[in-house]
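Colleague: The amino acid sequence is not available; the structure is as follows:
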């Protein structure tokens, strides 16, 4: 077995699990990155992943892998940078165990993050939300599940990982209805639910009839839904909803857009940005500023308060002699 294999195993068992106590989601993300890299390098070199040497994963190979993610797998620059961050963590750990490859590792760690344009946050308007939630076929079990999932996503703004990680016991439909989840950074939070959302979830939970530790939104076989499965279901319902609401055709709809939609609904309702950050589970309130930039109504209200450019400039003159005296002091 090559020197890479034991280092990679120790990186996950020692570094990630014991020393850093990384969250399960972080471990999965790093695992997927390493798996993609090993398969890519194996395809390029013709070697089995367990037979790869450190010379096979030099800076040139890592750069080619990052380009492969963007061109062949159509990953965004942001996703590319996330994969690179995982590889940097691995190679930083490898530097402690393999000083003989210090120069190779230094070159890999020197690969820069890729800059990218920050686009306006996409979201759905009320008409588009209504069309999307009406798209699932309620005559089928999957349709009723999908409507409950999308209704919860639009109203609570949960991340995709948080949605598919929900168990039946994580929702409270009685007094003070809410959903409890564990988000990024192991942060737990409770998000309240509206009466409309509670009504949909009450019907679904009765049909689901699962134990408290079973997935709230399972597959037909009872397993937890995958990210790709949810993305495909949302895309399918978007295609159906586009017939009723043509404006959906021009929008790229993903589960994360449903999270953005929840945030924009709160913003339009006049909810403070700090509260929205807590609602969404943002670690930094600056992450919520993107919604301020996307909200045209806030900018329109600011414009309405400005003086029209056609107004004649003038100087303030007190209407009373006594006020004029005080003004002159």
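Modeller: The structure has been received and is ready for your questions. All of these numbers come straight from a predicted model, not from anything done at the bench.

Colleague: C-alpha only now, for contacts and for neighbours.
Modeller: OK.

Colleague: who does the helix or strand hosting residue 142 touch, helix- and strand-wise?
Modeller: Here residue 142 is covered by helix 141-156, with elements defined by DSSP states H and E. Applying 3 or more Cα pairs under 8 Å, 6 or more residues apart in numbering; DSSP states H and E, we find helix 141-156 packed against helix 126-134, helix 195-208, helix 255-268.

Colleague: rerun at 10 Å
Modeller: For helix 141-156, the contact count by 3 or more Cα pairs under 10 Å, 6 or more residues apart in numbering; DSSP states H and E identifies helix 126-134, helix 160-164, strand 178-182, strand 188-192, helix 195-208, helix 227-244, helix 255-268 as packing neighbours.

Colleague: For these, please prepare a markdown table with the additional fields mean neighbour count.
Modeller: Compiled in a markdown table, those are given as follows (neighbours: other Cα atoms under 10 Å):
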| stretch | mean neighbour count |
| --- | --- |
| helix 126-134 | 17 |
| helix 160-164 | 18 |
| strand 178-182 | 19 |
| strand 188-192 | 16 |
| helix 195-208 | 16 |
| helix 227-244 | 17 |
| helix 255-268 | 21 |
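
Colleague: how about these in CSV, adding mean pLDDT and distance to residue 86?
Modeller: Putting the helices and strands packed on helix 141-156 into CSV (pLDDT from 0 to 100; distance: least, Cα to Cα, whole Å) gives the following:
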stretch, mean pLDDT, distance to residue 86
helix 126-134, 94, 35
helix 160-164, 91, 18
strand 178-182, 90, 22
strand 188-192, 90, 24
helix 195-208, 94, 37
helix 227-244, 93, 20
helix 255-268, 90, 22
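
Colleague: one step back: can you state the direction angle for the helix holding residue 142 and strand 178-182?
Modeller: Direction vectors for helix 141-156 and strand 178-182, defined by axes from the mean of the first three to the mean of the last three Cα atoms, to 10 degrees, enclose an angle of 90 degrees.

Colleague: Taking helix 126-134 as reference, get the angle to helix 141-156.
Modeller: Here the directions of helix 141-156 and helix 126-134 differ by 150 degrees (the same axes, to 10 degrees).
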